[in-house]
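1. Here is a sequence with its predicted model. Questions after.
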Amino acid sequence: MVTKEKIMSKTLSLGCSYSLEVGERYDAPGASIHFLLEQVKYYKSYKINKDWLWIMDITQVGRISKQVPIELHKECIDKDDTSGPKYQFQEKLGTNYFTLFTEQVEFDESWSNEFREWWIKEEALHYAKSIEEHIEDYLITLKKIQEELVGYDYKMFLMNNTFEGYFYEDGILKHIYSESKEYNVPDLKNTIKLKDLYPKLWKDIDLSKFTFYSVDGNQYGGLDEYTIDNFESNCFMDTISKDDIPFGKHPNSEVHISFFNKVIHNRL
């Protein structure tokens, strides 16, 4: 049972850049849903038990984390090492390292031939997948996370609305947010929803474990939609311009706390 005392004492914030600054807590950012699954397994076997409240930011479709082979660990350094990372988008969990594939990156001069070959192979596999394959993988991984957390107190929310907003253009599935540059919450009423694309996988997702920021025309909104409706565009960790897409830009801690108080807290 979720109590006020639990919220204020033992809280684990998981996923992307979300951090909740209350009581005794662990903040465990993770930039892909695959890494989130690995985090859940890790923290279940580590310090976090069923006395804790888990709050999870479910990030966007198409972010893929891959575990770095042990023989390549010598290529990895911790993020707090000021000498600079040997490759981009590095995550460490226990003694393991993970990469994040979201966009193609330039090779670091310090990479060995072995690491470079591994990266090229994994990157090629990532970009060979269609958006439909990424969505299917996303839903399957989400189901696995929920299965891992049976018996635990947890609440999920979306970084932004990945459950609807899709359309086909020249036979290619796209999301409205990938092209939206206006600082407002788009109307997604007449777009394709995941429950229609993947009805069987959709039925396996326990939506009662989610809290959404729902407004007219946008049923499954999350942190980004709340941010756009309630804060100015200078509330993000990175400066955004009028030409930037305002989704996935990581709002600051003030927004995180406000979102928890206004959206999550009363729905626990």
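-> Done, it's in.
2. Need phi/psi at the nearest residue to residue 172 once chain neighbours are set aside.
-> The shortest distance from residue 172 to any non-neighbouring residue, by C-beta to C-beta, 6 or more residues apart in numbering, is to residue 131 (7.4 Å). Quick note: C-beta positions are derived from backbone N, CA and C, even for glycine. When quoted as degrees, to the nearest 10, the phi and psi of residue 131 stand at phi -60, psi -40.
3. What of residue 227?
-> phi -60, psi -50.
4. What of residue 97?
-> phi -120, psi 150.
5. Give me the neighbour count for it.
-> Using other C-beta atoms under 10 Å, the number of residues around residue 97 comes to 21.
6. That one is in contact with residue 68, isn't it?
-> Yes: applying C-beta atoms under 8 Å, one finds residue 97 in contact with residue 68, separated by 4.2 Å.
7. What's the separation between the residue nearest in space to the middle of the chain and residue 134?
-> Most central in the chain under C-alpha atoms, centre = their mean is residue 59, positioned 2.0 Å from the mean C-alpha point. Counting by C-beta to C-beta, to the nearest Å, the gap between residue 59 and residue 134 amounts to 12 Å.
8. now residue 37
-> Distance from residue 37 to residue 134, counting by C-beta to C-beta: 15 Å.
9. what's the answer for residue 112, then?
-> Look at residue 112 and residue 134: by C-beta to C-beta, they are 29 Å apart.
10. and what of residue 32?
-> 11 Å.
11. Same drill for those two, tell me which one is more crowded.
-> Between residue 32 and residue 134, counting by other C-beta under 10 Å, residue 32 is the more crowded of the two (26 against 17).
12. Go ahead and confirm the residue nearest to residue 172 touches residue 173.
-> Yes: counting by C-beta under 8 Å, residue 173 is a contact partner of residue 131 at 4.6 Å.
13. list the contacts for residue 232?
-> By C-beta atoms under 8 Å, 6 or more residues apart in numbering, no residues touch residue 232.
14. Quick one, grab the pLDDT at it.
-> Note on residue 232: pLDDT of 79.
15. Please report phi then psi for it.
-> phi -80, psi 170.
16. Equivalent analysis for residue 51, please.
-> Torsion angles, degrees, to the nearest 10, at residue 51: phi -80, psi -10.
17. can you give me the helices in this structure?
-> In the chain, the helices defined using DSSP state H lie at 4-9, 33-44, 113-128, 131-148, 194-197, 199-203, 223-230, 253-259.
18. what's the overlap in contacts for residue 32 and residue 134?
-> residue 64.
19. what stretches of the stretch 151-268 of the chain score poorly on pLDDT?
-> For the stretch 151-268 of the chain, applying pLDDT under 70 flags the ranges 236-246, 248, 267-268.
20. ok, which stretches of it are strands?
-> 153-158, 164-169, 172-175, 192-193 (DSSP state E, counting those that start in this stretch).
21. Name the stretch among those that sits most buried.
-> Highest mean neighbour count of the strands of the stretch 151-268 of the chain: strand 153-158, a mean of 22 (counted as mean count of other C-beta atoms under 10 Å).
22. Tell me who's in contact with residue 199.
-> Residue 199 neighbours (C-beta under 8 Å, 6+ apart): none.
23. what about it, distance to residue 193?
-> Taking C-beta to C-beta, one finds residue 199 at 10 Å from residue 193.
24. Residue 61 too?
-> Counting by C-beta to C-beta, the gap from residue 61 to residue 193 is 13 Å.
25. Could you do residue 172 as well?
-> To residue 193, residue 172 is 18 Å away according to C-beta to C-beta.
26. Show the contacting residues for residue 41.
-> Contact analysis of residue 41 by C-beta under 8 Å, 6+ apart lists residue 148.
27. ok, how many other residues are close to residue 203?
-> Counted with other C-beta under 10 Å, residue 203 comes out at 10.
28. can the strands of the stretch 151-268 of the chain go into JSON lines with extra columns for distance to residue 182?
-> Formatted as JSON lines, these follow (distance: least, C-beta to C-beta, whole Å):
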{"stretch": "strand 153-158", "distance to residue 182": "20"}
{"stretch": "strand 164-169", "distance to residue 182": "14"}
{"stretch": "strand 172-175", "distance to residue 182": "15"}
{"stretch": "strand 192-193", "distance to residue 182": "21"}
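29. Alright, calling it a day.
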